[in-house]
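Colleague: Test case, fold it:
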Amino acid sequence: MLGIINFLLVYVQYLEQNINWLLQLLCKYIPLRQITYDDSQSPDYQKFKTDRLPVILKPKKHDYLLRLIHHQWKHGKPIKPVARRNGRDIPDEISCPRCGAPHLFIYDNNGGKGEYKCKVCSQCFASGKTASKPLLFLCPYCGKTLQPKRERKQFTVHTCASKECPYYLANLNKLPKTLRKEERYRYKLHYTYREFHIDFFSVELNSLPPNASSLRFTKNNAHIMGLCLTYHVNLSLSLRKTTQALKDIHNISISHTMVANYAHAAAAFIKPFVDHYPYERSDTFIGDETYIKTRSLKAFVWFVMDSVSRSIIGYRVSTDRAVGSCILAMRMAFGKLKELPGTFKFIADGYSAYPLAAQQFELRKEDPLHFTITPVIGLTNDDAVSKEYRPYKQKAERLNRTYKASYRVTCGYGNLDGANYAVSLWVAYYNFLRTHMSHGSYGNYQTLNKLREFDTADNMPAKWQILIRLGQEKIKDMQEAL
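Modeller: Residues are numbered from 1 along each chain as shown. As a prediction, the model looks like this:
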């Protein structure tokens, strides 16, 4: 018995040595901590990343009376007004923009050329200009002041120029060892921040398409207008094919220009109802953008959909792929939400506009929203995050294909106004009129959002008329609320 115990003890020690050897092998050659994006660690992908927010310092306004009292208490003597020995008087309206000291405490700092200096707070300023910068941006890694590097149409790019910044040194170590020093400009090494000059949260979202005709029918009636919308929007027929269908099926003679006018008028009335409808919002939003053509030029449509209800809760048509259009679409999606659930996720592709938009929501003065973007990068599941959230991204891609099926027959819109009214009508059709197999059993299709007003409608033209009436009521409520 004693020999068996000794043999087992020796065998346990042998296994322990093997386990320690395997652990050393794993720690040396296999990282225990899984990297979320293996490809994103490459310096080639650094330029597509959005750096975190800087430390923002807001200069405080001083009160010259408190400074006078503090100087009296600290030094035992008051600050006397400026003695004018050169005969140059300071205008009475000149005061220090930093502490508010009157002209009695202001120096003429450059011989009457418009530069002044306050004797109370030692602030130099020019007449009619602020005393200092409104905001001061500091690098979140080294604490150095960011320097403005480039001016763009909507924002200013600030960069940390410190060569001792940990962020810069970490990116420098990622560069290939064989890279020459003069070729480093091809990679993003320094911390950058974009300061936007436009307040996208004050932009009006309730704009209506212009040049919309009225609903006073002289030759036709509301039912014919509903037929035009049914053929043009539901069945994705062009304007001229809609005219031909009305003539061949219903023996109704109408021009394609009148069909376009009906579509403009319907979009003007239906859009406020669709945009302000109280959609059921879950804890996961999906955002994506796709391109369209207006007069053979490329434009973009931004969609934000709810992952559970699959309703389009935010959309925007823009001529560029900038951050501003992304923010406006996300504003419509969030609606009047002042707080997000703790499990909230916003899923998008790897485009940098979405993280930049999330930063602007965090910097918003009233009711800031704090959330992060979960990017699904590439077309294959090369990382754990893409594998987990790929089904959500596929919903957005499926939405884009559904929209493109109706857009393709137009061969491009004539102008941005035409794209706006067409997308507005299509979103109304997708959310309230189109049946989806995913919201019902097989063979029993259901709409995404049910309206009890549709219970009295027995055909699609009648439902379009009901949507127009609901839109008119919403516009009236908005006008009374002003």
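Colleague: distance between the helix or strand where Ile224 lies and the chain's centre?
Modeller: Ile224 is part of helix 222-229, with elements assigned from DSSP states H and E. Distance, stretch centre to chain centre, for helix 222-229: 37 Å (C-alpha atoms, centre = their mean, to the nearest Å).
Colleague: Identify the residues contacting it?
Modeller: 215, 217, 242, 246, 250, 252, 254, 258-259, 262-263, 265-266, 425, 460-465 (C-beta atoms under 8 Å, 6 or more residues apart in numbering). (Glycine included, C-beta is placed from N, CA and C.)
Colleague: After it, which helix or strand is next?
Modeller: helix 239-250.
Colleague: That following helix versus helix 222-229: what angle between them?
Modeller: With axes from the mean of the first three to the mean of the last three C-alpha atoms, to 10 degrees defining the directions, helix 239-250 sits at 130 degrees from helix 222-229.
Colleague: counting contacts, what elements does helix 239-250 pack onto?
Modeller: Secondary-structure packing of helix 239-250 (3 or more C-beta pairs under 8 Å, 6 or more residues apart in numbering; DSSP states H and E): helix 222-229, helix 256-275.
Colleague: average pLDDT across stretch 43-56?
Modeller: For stretch 43-56, the mean pLDDT works out to 78.
Colleague: Tell me which residues touch the residue nearest to Ala419 when sequence neighbours are not counted, please.
Modeller: In space, and not counting its chain neighbours, Ala419 is closest to Tyr413: 4.2 Å by C-beta to C-beta, 6 or more residues apart in numbering. Tyr413 is in contact with Ile292, Lys293, Thr294, Arg295, Ala299, Ala419, Ala422, counting by C-beta under 8 Å, 6+ apart.
Colleague: okay, among those residues, which ones form the most distant pair?
Modeller: Greatest spatial distance among the contacts of Tyr413 (C-beta to C-beta): Arg295 and Ala422, at 14.1 Å.
Colleague: Between the two, which is the more surrounded one?
Modeller: The residue with more neighbours, out of Arg295 and Ala422, is Ala422; 24 against 11, by other C-beta atoms under 10 Å.
Colleague: what about the helix holding Ile224, average pLDDT?
Modeller: Helix 222-229 comes out at a mean pLDDT of 91.
Colleague: Ok, stretch 434-453 next?
Modeller: Rounded mean pLDDT across stretch 434-453 is 76.
Colleague: How many neighbouring residues does Ala329 have?
Modeller: Neighbour tally, Ala329, other C-beta under 10 Å: 24.
Colleague: Next, find the distance separating it from Pro391.
Modeller: 22 Å (C-beta to C-beta, to the nearest Å).
Colleague: how about stretch 396-409: buried residues?
Modeller: Across stretch 396-409, burial judged by 16 or more other C-beta atoms under 10 Å covers Ala396, Leu399, Asn400, Tyr403, Ser406, Tyr407.
Colleague: State the phi and psi torsions of the first one.
Modeller: What it means is Ala396. For Ala396, the backbone dihedrals are phi -70, psi -40 (criterion: degrees, to the nearest 10).
Colleague: out of everything not next to it in sequence, what's closest to it?
Modeller: Ala396's closest residue in space is Asp288 (C-beta to C-beta, 6+ apart), at 3.7 Å.
Colleague: Wasn't that neighbour part of a strand?
Modeller: Yes: counting by DSSP: H, G, I helix; E, B strand; the rest coil, Asp288 is found in a strand.
Colleague: Could you pull up the contacting residues of it?
Modeller: Trp302, Phe303, Ala348, Asp349, Lys393, Ala396, Glu397, Leu399, Asn400.
Colleague: picking up where we left off before, okay if I get the buried residues of stretch 396-409 as TSV plus secondary structure and distance to Glu204?
Modeller: Shown next, in TSV, are those (DSSP: H, G, I helix; E, B strand; the rest coil; distance: C-beta to C-beta, whole Å):
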residue	secondary structure	distance to Glu204
Ala396	helix	27
Leu399	helix	26
Asn400	helix	27
Tyr403	helix	25
Ser406	helix	27
Tyr407	helix	26
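Colleague: Drop anything exposed from the contacts of helix 222-229.
Modeller: Buried among the contacts of helix 222-229 (16+ other C-beta under 10 Å): 242, 246, 254, 258-259, 262-263, 265-266, 425, 460-465.
Colleague: Can you tell me which of those is nearest Pro140?
Modeller: Relative to Pro140, and with distances defined as C-beta to C-beta, the nearest of these is Leu425, at 45.4 Å.
Colleague: what helix or strand is Leu65 on?
Modeller: Residue-wise, Leu65 maps onto helix 64-75 under DSSP H and E.
Colleague: Which positions within that helix qualify as buried?
Modeller: Here helix 64-75 shows Tyr64, Arg67, Leu68 as buried, counting by 16+ other C-beta under 10 Å.
Colleague: Could I get these in TSV, plus columns for pLDDT?
Modeller: Listed next are those as TSV, based on pLDDT from 0 to 100:
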residue	pLDDT
Tyr64	83
Arg67	86
Leu68	86
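Colleague: Mind putting those into JSON lines with distance to Leu227?
Modeller: Shown next, in JSON lines, are these (distance: C-beta to C-beta, whole Å):
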{"residue": "Tyr64", "distance to Leu227": "74"}
{"residue": "Arg67", "distance to Leu227": "76"}
{"residue": "Leu68", "distance to Leu227": "79"}
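Colleague: Closest to Leu189 out of those?
Modeller: Nearest to Leu189 among those, with distances taken as C-beta to C-beta, is Arg67, at 43.0 Å.
Colleague: The closest one: what's it in contact with?
Modeller: With C-beta under 8 Å, 6+ apart, Arg67 has these contacts: Ile79, Cys99, Val120, Cys121.
Colleague: how about these, which pair is most distant?
Modeller: Ile79 and Cys99 (11.4 Å).
Colleague: what's the spacing between the residue nearest to Thr343 when sequence neighbours are not counted and Gln360?
Modeller: Excluding its sequence neighbours, the residue lying closest to Thr343 (C-beta to C-beta, 6+ apart) is Asp283, at 4.8 Å. In this view, Asp283 and Gln360 are 21 Å apart by C-beta to C-beta.
Colleague: more neighbours, these two?
Modeller: Gln360 (22 against 13).
Colleague: Show me which residues of the helix or strand encompassing the more buried one are buried.
Modeller: Using DSSP H and E, Gln360 sits within helix 353-362. Judged by neighbour count (16+ other C-beta under 10 Å), helix 353-362 contains these buried residues: Ala353, Tyr354, Pro355, Leu356, Ala357, Ala358, Gln359, Gln360, Phe361.
Colleague: For the second one, give me the pLDDT.
Modeller: Read it as Tyr354. 92.
Colleague: what residues are up against Ala405?
Modeller: Ser236.
Colleague: how much space is there between it and Arg398?
Modeller: From Ala405 to Arg398 the distance is 11 Å (C-beta to C-beta).
Colleague: distance between stretch 467-481 and the chain's centre?
Modeller: 28 Å.
Colleague: Please identify the buried residues of that stretch?
Modeller: Leu467, Ile468, Leu470, Gly471, Lys474, Ile475.
Colleague: Helix, strand or coil: sort out Phe137 for me.
Modeller: strand.
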